[in-house]
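Chemist: Provided below are the primary sequence and the corresponding predicted coordinates.
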Amino acid sequence: MQDAEREAFQIAIGYRFRDPTLLLRALTHKSYSHEHHASAGGLEEPANEQLEFLGDAVLGLLVSEVLFAHYPQLNEGQLSKLKAHLVSATRLVEVARALNLGEHLRLGRGEQMSGGREKKALLSDAVEALLAAIYLDGGLEAARAFVVKNVFGGSPDNLEPAADIALLNFKSALQEYAHAHGLPAPRYVVVGTTGPEHAKTFIVEARLGQDLAMQAEAPSKKAAGQRAAELLLEKLTAVNPRS
C-alpha cells in the first residue's frame with residue numbers, strides 16, 4: 001500500500017494508525033501470505049486470521065455496550081436481536097463496501113482472479129480484522145469510535161430499533177453460516193401441523209447437513225421456518241461462538 005493510498009484509506013475509516021504494519025496485516029488474506037512466503041525466505045507474512053478472531057470479540061463487546069447505553073427501553077431479547085443484526089455478516093459486508101475495503105485487500109493471485117474482492121466472507125472477516133488492528137493500535141476508545149462511525153452509521157441515534165429488529169432474517173443468516181462453513185444449503189421441511197383448519201399451527205424443521213436440525217411451530221410456514229432457523233443458529237453459535 002502506497003503512502004497516498006494508505007492516507008486516503010485512513011481518512012475513510014476515520015482512524016490514523018501509529019503502527020502501519022497493523023493496518024497492513026489486517027488487509028492481508030492468507031492466500032497472499034501463502035503465495036509470497038518464498039520471497040521472505042520461507043517465512044509467511046502474517047495474515048489477518050488472528051486479528052479476525054480478536055475483532056469478532058471486540059465488535060460484540062462494543063455493539064453490546066452502545067446498545068445498552070442508548071436503548072434502556074429495550075428488553076434483553078430485543079437488544080439481542082438488534083445486536084445480531086449489527087454484527088451479522090450482512091451488516092459487515094455493507095460496512096466493507098461503504099469503505100471500499102475490497103479494493104485494499106492483499107490477495108493471492110488465485111483468490112483475486114476468483115472474485116475475492118467481492119466475496120462476502122472475505123469482506124466481513126476483513127472488517128473484523130481491521131477493527132482488531134484499530135483496537136491494538138489505539139485502544140478501546142478508538143475501536144469504539146470506528147464502530148459508532150461505521151457500524152452504527154455515525155450515531156446510535158440513527159438506528160430505528162423496531163425496523164432494524166424486523167429486518168433480521170434468520171433464514172438468510174443461517175444460509176450465510178452454511179456458506180461460510182462449507183456446509184450444504186439449509187432445508188426447511190414441514191413435519192407436521194396441529195389444530196383445526198381455520199387455526200392451524202405449522203411445525204417446520206430447519207436442517208443443515210445430515211445431523212443438524214431444530215424444529216419450531218408458528219401460525220404460518222414462513223414464521224415457523226424463521227423460528228426454526230433462529231433456534232438452529234443459537235445452537236450452532238453456542239457450540240462455535242465465533243460464528
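Modeler: Sure thing, it's come through. Numbers count the residues shown, from 1 in each chain.
Chemist: how distant is the longest helix seen in the chain from the center of its chain?
Modeler: Using DSSP state H, we find that the single longest helix of the chain is helix 120-146. Distance of helix 120-146 from the chain centroid (CA atoms, centre = their mean, to the nearest Å) equals 12 Å.
Chemist: what about the helices in this structure?
Modeler: Taking DSSP H to define them, one finds helices in the chain at 3-13, 20-26, 30-36, 49-70, 76-86, 89-98, 109-113, 120-146, 161-167, 170-180, 221-239.
Chemist: ok so, going back, other SSEs contacting the longest helix of the chain?
Modeler: helix 3-13, helix 20-26, helix 49-70, helix 89-98, helix 170-180 (3 or more CB pairs under 8 Å, 6 or more residues apart in numbering; DSSP states H and E). Placement of C-beta: from N, CA and C, glycine included.
Chemist: tell me which residue lies nearest the centroid of the protein.
Modeler: The C-alpha lying nearest the average C-alpha coordinate of the chain belongs to Ala89 (CA atoms, centre = their mean; 2.9 Å).
Chemist: was I right to think it contacts Lys120?
Modeler: Yes. With contacts counted by CB atoms under 8 Å, Ala89 reaches Lys120, the gap being 6.2 Å.
Chemist: got any residues that touch both of those two?
Modeler: Glu176 (CB atoms under 8 Å, 6 or more residues apart in numbering).
Chemist: what pLDDT does Gly192 get?
Modeler: Looking at Gly192, its pLDDT stands at 93.
Chemist: hmm, Ile203 and it touching each other?
Modeler: Yes. The pair Gly192 and Ile203 qualifies as a contact (CB under 8 Å) at a distance of 4.2 Å.
Chemist: give me the more crowded residue out of the two.
Modeler: Neighbours per residue, other CB atoms under 10 Å: of Gly192 and Ile203, the larger number sits with Ile203, 17 against 12.
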